[in-house]
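1. Here is my input; please provide its structure:
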Amino acid sequence: MVEAKLSNLIDQHGRRKRKLRISLTDRCNFRCRYCMPEHPQWLPKAQVLTIEEIAQLARVMVLDGITHIRLTGGEPLLRRGLLECVAALDALRPLGLQRISMTSNASLLAPQAQALKAAGLDDLNISLDSVEPATFRHMTGRELAPVIDGIEAAQAAGLPIKLNAVLLREDNGEQIVPLVEWSRARGLPLRFIEYMPLDAPGRWQREQVVSEAEILDALRERFAVEALPRSHDPATRYRLDGGYEIGVISTVSNPFCASCDRLRITATGELYTCLFAERGLPLRERLRAGVTDEDLLDAIRDAVWHKDRGYAARQGPVERPLTMHAIGG
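-> Okay, the predicted model is just below:
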């Protein structure tokens, strides 16, 4: 493994960026109520980065200190050329890339899990908001069974998994303990995510947020809960009954912006230095105009340097036409 170097991607608040999320597509086969507009308008193919453009951006940013890349969407399993993309990223390991991850709803994963592992994928985050079929169907518009099949196929392929559950008070707010018990029984790490103001404008409601404190209260009714030291990971970790660990990503009630080490590139090639930024830096036009890697990197470094303090400094819904499914989770 190449020895990790200090990232040159640093903002004015002293936060160095090591992780990059790349959205492969805005398209998704689910209709999660906290993520997808009711009537999404998909991007024309010509506006979406090619696999070659994704690989070029990734190479430039790995050379400048990015060590972890996560592929997102939309649903990345819908992207043609996904295996080629993973393989192209895998080729960047001698330059300093350490890990290739993917976030997925897993409903299309079963036939592709083994091939993804062979191409170089290291691990998966899988969205699982409920293990109760009716609740799952209500929240996603799809069936639970194919997701379970995808999880089992990933396990069989030797791909490490984390499960993510977004909590909405009136939908799955009462299913905290069942989700933990299901995940613990299968040896799968679980992270609860507070409902963030990133869906369709005007739809997010703070009263739907199940806060970190409320999650812990629910867990303490069933388990002994021990807080663990924080890291750069967005989740605060807790140990239950002295063994099983869960995480809570508390963007709304307890923002973790001070330790943020992440950047995002949308499917159209816009660099977002913050999940809640009002606008991004267009990179696709620069790539297609044939700019040098040096000019590309200068623009990226400048955008990163001017990253603001984040959600902690300006809480509430972000005003922009781009919703969660388009920016990538």
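2. Next up, the contacts around the residue nearest to residue 233 when sequence neighbours are not counted.
-> Nearest non-adjacent residue to residue 233, counting by Cβ to Cβ, 6 or more residues apart in numbering: residue 247, 7.3 Å away. Placement of C-beta: from N, CA and C, glycine included. The neighbours of residue 247, taking Cβ atoms under 8 Å, 6 or more residues apart in numbering as the test, are 189, 190, 191, 192, 233, 235, 236, 237, 238.
3. what pairs with the fourth one across the strands?
-> What it means is residue 192. residue 165, residue 248 (DSSP bridges).
4. Repeat that for the last one.
-> When bridges are assigned using DSSP bridges, the partners listed for residue 238 are residue 227, residue 246.
5. any idea how far it lies from residue 159?
-> 25 Å (Cβ to Cβ, to the nearest Å).
6. go on, residue 181?
-> Distance of residue 181 to residue 159, given as Cβ to Cβ: 23 Å.
7. didn't residue 113 look like it was pressed against residue 150?
-> Yes. If you go by Cβ atoms under 8 Å, residue 113 and residue 150 touch, sitting 7.1 Å apart.
8. Neighbour count for residue 181 and residue 159, which is higher?
-> Applying other Cβ atoms under 10 Å to residue 181 and residue 159 shows that residue 159 carries more neighbours, namely 21 against 15.
9. Which residues are in contact with the more buried one?
-> Contact analysis of residue 159 by Cβ under 8 Å, 6+ apart lists 113, 116, 117, 121, 122, 123, 124.
10. give me that answer again for 6 Å
-> Neighbouring residues of residue 159 by Cβ atoms under 6 Å, 6 or more residues apart in numbering: 117, 124.
11. and what of residue 218?
-> Taking Cβ under 6 Å, 6+ apart as the contact definition, residue 218 lies against residue 176.
12. now residue 115, nearest residue through space, not along the chain?
-> Closest to residue 115 by Cβ to Cβ, 6+ apart is residue 83, at 5.8 Å.
13. Next, count neighbours for residue 264.
-> Residue 264 has 22 neighbours, counted by other Cβ under 10 Å.
14. From the chain's centroid, how far away is whichever helix or strand residue 181 is part of?
-> Element membership for residue 181, per DSSP states H and E: helix 176-185. The chain centroid and the centroid of helix 176-185 are separated by 21 Å under Cα atoms, centre = their mean, to the nearest Å.
15. List of residues touching it?
-> By Cβ under 6 Å, 6+ apart, helix 176-185 touches 131, 163, 165, 190, 215, 218, 222, 244.
16. doesn't residue 16 make contact with residue 7?
-> Yes. If you go by Cβ atoms under 6 Å, residue 7 and residue 16 touch, sitting 4.3 Å apart.
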